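> Test case, fold it:
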Amino acid sequence: MRLFYGAALRFICRSAACAAVFIVATQVRGASANPAQGAAVARVAQPCPPALEMPPEARKLLIELFIDPHRLAAADTARLTSNPQFKAFDAANRPRGTDDWAARCRFYWDNPTARAARFTPRIVFMGDSITENWGLAHPAFFGHGVLDRGISGQTSAENFKNNILSMIEIARANRIEVVLSSIPPAAGFSWRPQVDPKPWISQLNAWLRTCAAQNHLRFVNYYPLLAGPAGAFRADLSNDGVHPNRSGYRVMRAVVEKEILRSVR
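Okay, here's the model as predicted:
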């Protein structure tokens with residue numbers, strides 16, 4: 001999770017009724033990204049290029065592979081990376097990371113639209129790809145003042161706690177209620193098989209629960225509902241063992257609707 005989200009909160013939510021739901025769905029993967037060496041740094045009138053939309057066919061394939069419940073295979077990943085529309089989108093999107101390594105422009109063009117909509121933004125979900133993909137699984141869930149502001153990317157254990165504390169401070173300074181949530185289970189990462197995330201997830205979830213209690217915040221615990229044997233993500237709720245599929249998001253949504261939405265909407 002990135003500290004920039006505080007700026008997004010100040011922009012989206014300008015009333016005490018807005019509740020920022022920090023969906024702490026992180027993949028603790030190691031060192032976080034750093035700005036490119038030699039990248040231009042300056043104040044400009046228009047810092048963000050026009051939004052880049054994923055092509056419909058690529059989006060459809062992404063949903064088929066990661067959202068529709070099934071067991072992800074190596075051939076599935078190859079289908080995605082070899083898809084012409086996805087390759088073109090990835091090629092166009094990748095250079096933006098050089099100048100915008102913290103993804104500050106990810107929702108730059110969406111936020112004014114959200115504020116001008118009929119329903120005032122009241123709840124903002126934040127996190128990484130686990131939160132971002134939720135919009136693919138249940139797009140109708142994010143409407144009527146509920147926003148998905150997940151940004152896919154690395155999250156490191158080193159800066160995790162400081163970022164959470166900073167976000168709480170920024171939110172409170174802007175009269176925004178904070179809700180913390182647990183990190184979902186994962187027994188391993190296919191892209192980094194040498195990493196065992198289970199101890200990190202256990203330690204960080206304990207810290208999040210304590211942080212919520214010490215700061216008098218609500219805490220939403222997805223973990224026990226999503227976890228299977230030995231700390232793995234339940235196979236019926238995740239295609240790759242890390243990200244929820246449609247069934248997994250349905251479980252998470254039920255918890256949020258019961259514990260958060262009824263008291264905020």
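
> those strands in the chain, which residues are they?
19-22, 123-127, 146-150, 177-181, 218-220 (DSSP state E).

> Now render those strands as JSON lines, adding distance to A230 and mean pLDDT.
C-betas here are computed from N, CA, C, even on glycine. Converted to JSON lines, the strands of the chain look like this (distance: least, CB to CB, whole Å; pLDDT from 0 to 100):
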{"stretch": "strand 19-22", "distance to A230": "27", "mean pLDDT": "48"}
{"stretch": "strand 123-127", "distance to A230": "24", "mean pLDDT": "91"}
{"stretch": "strand 146-150", "distance to A230": "27", "mean pLDDT": "92"}
{"stretch": "strand 177-181", "distance to A230": "22", "mean pLDDT": "93"}
{"stretch": "strand 218-220", "distance to A230": "23", "mean pLDDT": "94"}
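
> now for those, which one comes closest to R115?
strand 146-150 (10.1 Å; CB to CB).

> Just the angle for the closest one relative to strand 123-127, thanks.
Going by axes from the mean of the first three to the mean of the last three CA atoms, to 10 degrees, strand 146-150 is angled at 20 degrees with respect to strand 123-127.

> In its sheet, which strands sit next to strand 146-150, and in what direction?
The sheet places strand 146-150 alongside strand 123-127 (parallel), with pairing taken from DSSP bridges.

> Give me the angle between the strand it pairs with and strand 177-181.
40 degrees.

> quick one: which of the strands of the chain is nearest F107?
Among those, strand 146-150 sits nearest to F107 (CB to CB), with 5.8 Å.

> and that closest one, how far out from the chain's middle?
Between the centre of strand 146-150 and the centre of its chain there are 8 Å (CA atoms, centre = their mean, to the nearest Å).

> Could you do stretch 138-158 as well?
Distance of stretch 138-158 from the chain centroid (CA atoms, centre = their mean) equals 4 Å.

> Restrict it to CA atoms and write it as CSV.
Extracted C-alpha coordinates of stretch 138-158, given in CSV (Å, rounded to 0.1, in the frame of the first residue of the first chain):
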residue,chain,number,x,y,z
HIS,A,138,-18.2,-7.8,-8.5
PRO,A,139,-18.4,-4.5,-10.5
ALA,A,140,-21.9,-3.8,-9.3
PHE,A,141,-20.6,-3.8,-5.7
PHE,A,142,-18.6,-0.7,-6.4
GLY,A,143,-21.2,1.9,-7.0
HIS,A,144,-23.6,4.1,-5.0
GLY,A,145,-20.7,5.8,-3.2
VAL,A,146,-18.4,2.7,-2.8
LEU,A,147,-15.1,3.0,-4.7
ASP,A,148,-12.4,0.5,-5.5
ARG,A,149,-9.0,2.1,-5.4
GLY,A,150,-6.7,-0.9,-5.3
ILE,A,151,-3.5,-0.6,-7.3
SER,A,152,-1.6,-3.7,-8.4
GLY,A,153,2.0,-3.6,-7.4
GLN,A,154,4.6,-4.7,-4.9
THR,A,155,4.2,-4.3,-1.1
SER,A,156,7.1,-4.8,1.1
ALA,A,157,7.2,-5.9,4.7
GLU,A,158,9.7,-3.2,5.5
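
> ok, and for that stretch, which residues are buried?
Residues F141, G145, V146, L147, D148, R149, G150, I151, G153, T155, A157 are the ones in stretch 138-158 that count as buried (16 or more other CB atoms under 10 Å).
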